[in-house]
Structures are given as C-alpha cells and as structure tokens.
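> when you get a sec, could you give me coordinates for this:
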Amino acid sequence: MKNKNEKFMSSHFVLLSIIAVFISACGGGGDDAADTPAPIQTPTETTTSTDTTTTTTTTDDPAPDPTSLDDLVVDADNKLESAYLLTIDVDRVSTERGYFSLCDDYQAQGDGYSVNFNSCLFRGPLTQGKLSKEVKVANHESQLIAVIWFYEGQAPQFIEWSYLQDVESQVLTMN
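So this is what the prediction gives:
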C-alpha cells in the first residue's frame with residue numbers, strides 16, 4: 001500500500017505529464033506562406049508577323065496592391081503631418097461681449113445651423129470684439145463652423161470654413 005506522499009507525488013507527475021503533452025501538441029508554428037512576397041508580374045510583349053505587316057502589342061498588368069508598409073510609395077512633397085495650423089482672426093467693429101466657438105460637427109438647417117458644441121476644437125471669449133489664435137487641427141477636419149455668441153441677446157453669427165489645398169497657411173477670418 002502506498003503512503004500519502006507517494007500518492008501525492010504520482011498524481012502530480014500524471015498531471016504534469018498531461019500538461020506537457022497538451023503544450024507540445026499545440027505546436028506554435030506560424031504560417032510560412034505569409035513571409036514570402038507576392039510575385040511581381042512583368043509586362044508581356046507579343047509580336048505577330050505576317051508577310052507585309054508587323055504588329056507589336058504590349059500589355060501591362062496592374063501593379064499588385066501593397067501588402068505591407070514597405071510596399072507603400074509616398075509622394076516626395078508629402079510632409080506626412082497629421083495636423084495643420086489654422087489661424088483664427090476675429091476683428092469685429094462692435095465691442096460687444098462675445099464668445100467664439102470652432103466646431104466640426106454641424107448641419108445646415110434651413111436658414112441656420114445645428115451645431116454639436118461638444119465637438120468644438122476651440123472656444124474662447126472675444127476681447128473688445130477681437131480674437132487672434134492659432135489652433136492645431138487634425139488633417140481629416142476639412143469642414144468647420146465658427147460661431148460667435150453674443151452676451152447681450154443678439155442672434156449668433158455663423159461662418160462655414162473649408163480647408164484650401166492650394167494655400168500654404170490656413171486662415172479663418174470673421175469681421
């Protein structure tokens with residue numbers, strides 16, 4: 001008859017053996033096919049000749065889609081920047097107290113706008129009708145709305161702003 005230590009040791013040995021079999025059976029190897037690059041197709045040239053006419057036809061196969069970052073081609077003049085600077089220039093003749101908001105989530109509704117003010121990229125007060133600020137804006141934000149709210153109860157002033165491709169510096173002006 002086995003004593004308690006021998007039973008304990010043999011049950012642990014069996015358990016460890018089973019775990020070792022499961023771990024080694026799982027493998028862990030990868031798919032070697034993913035490491036080989038896709039073959040590059042070259043243009044084919046066909047020459048047909050007859051007694052009096054020679055015809056040459058060249059067919060270019062389309063370039064394969066990029067499969068990794070190494071396959072991507074970036075234009076030389078691309079700055080690879082994820083944001084641009086937008087200069088905000090507000091210069092109102094009136095010195096009424098106002099508050100400026102620059103937002104990206106809005107919709108035109110009839111003669112006005114519906115603006116989600118939780119989406120504002122910048123907010124700030126006008127000082128004597130003026131505000132001058134540079135704001136960093138993500139590249140995907142190409143349509144924005146600027147709103148000036150007045151404390152004295154006037155209707156807010158809205159202006160839609162769009163990113164201009166051909167301009168080096170982006171400026172939003174409100175007068």
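
> where do the helices sit along this structure?
Ranges of helices within the chain are 4-25, based on DSSP state H.

> all strands for this structure, in order.
Secondary structure of the chain (DSSP state E): strands at 44-49, 54-59, 83-91, 98-103, 106-109, 112-115, 120-125, 130-138, 143-150, 157-162, 170-174.

> now the ones you listed as JSON lines including mean pLDDT, mean neighbour count and distance to Thr67?
For the C-beta atoms, the positions are set from N, CA and C on the backbone; glycine is no exception. Listed next are those as JSON lines, based on pLDDT from 0 to 100; neighbours: other Cβ atoms under 10 Å; distance: least, Cβ to Cβ, whole Å:
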{"stretch": "strand 44-49", "mean pLDDT": "51", "mean neighbour count": "9", "distance to Thr67": "23"}
{"stretch": "strand 54-59", "mean pLDDT": "57", "mean neighbour count": "8", "distance to Thr67": "23"}
{"stretch": "strand 83-91", "mean pLDDT": "96", "mean neighbour count": "16", "distance to Thr67": "29"}
{"stretch": "strand 98-103", "mean pLDDT": "97", "mean neighbour count": "20", "distance to Thr67": "39"}
{"stretch": "strand 106-109", "mean pLDDT": "95", "mean neighbour count": "12", "distance to Thr67": "39"}
{"stretch": "strand 112-115", "mean pLDDT": "95", "mean neighbour count": "14", "distance to Thr67": "42"}
{"stretch": "strand 120-125", "mean pLDDT": "97", "mean neighbour count": "15", "distance to Thr67": "36"}
{"stretch": "strand 130-138", "mean pLDDT": "96", "mean neighbour count": "14", "distance to Thr67": "28"}
{"stretch": "strand 143-150", "mean pLDDT": "96", "mean neighbour count": "19", "distance to Thr67": "33"}
{"stretch": "strand 157-162", "mean pLDDT": "96", "mean neighbour count": "14", "distance to Thr67": "35"}
{"stretch": "strand 170-174", "mean pLDDT": "97", "mean neighbour count": "16", "distance to Thr67": "35"}
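
> which one, of those strands, ends up nearest to Ile19?
Shortest distance between Ile19 and these, using Cβ to Cβ, is found for strand 130-138: 50.1 Å.

> the closest one to strand 170-174, inter-axis angle?
Inter-element angle recorded for strand 130-138 and strand 170-174: 140 degrees (by axes from the mean of the first three to the mean of the last three Cα atoms, to 10 degrees).

> ok, residues contacting strand 130-138?
The contact list for strand 130-138 (Cβ atoms under 8 Å, 6 or more residues apart in numbering) reads 82-92, 100, 102, 121-122, 124-125, 144, 170.
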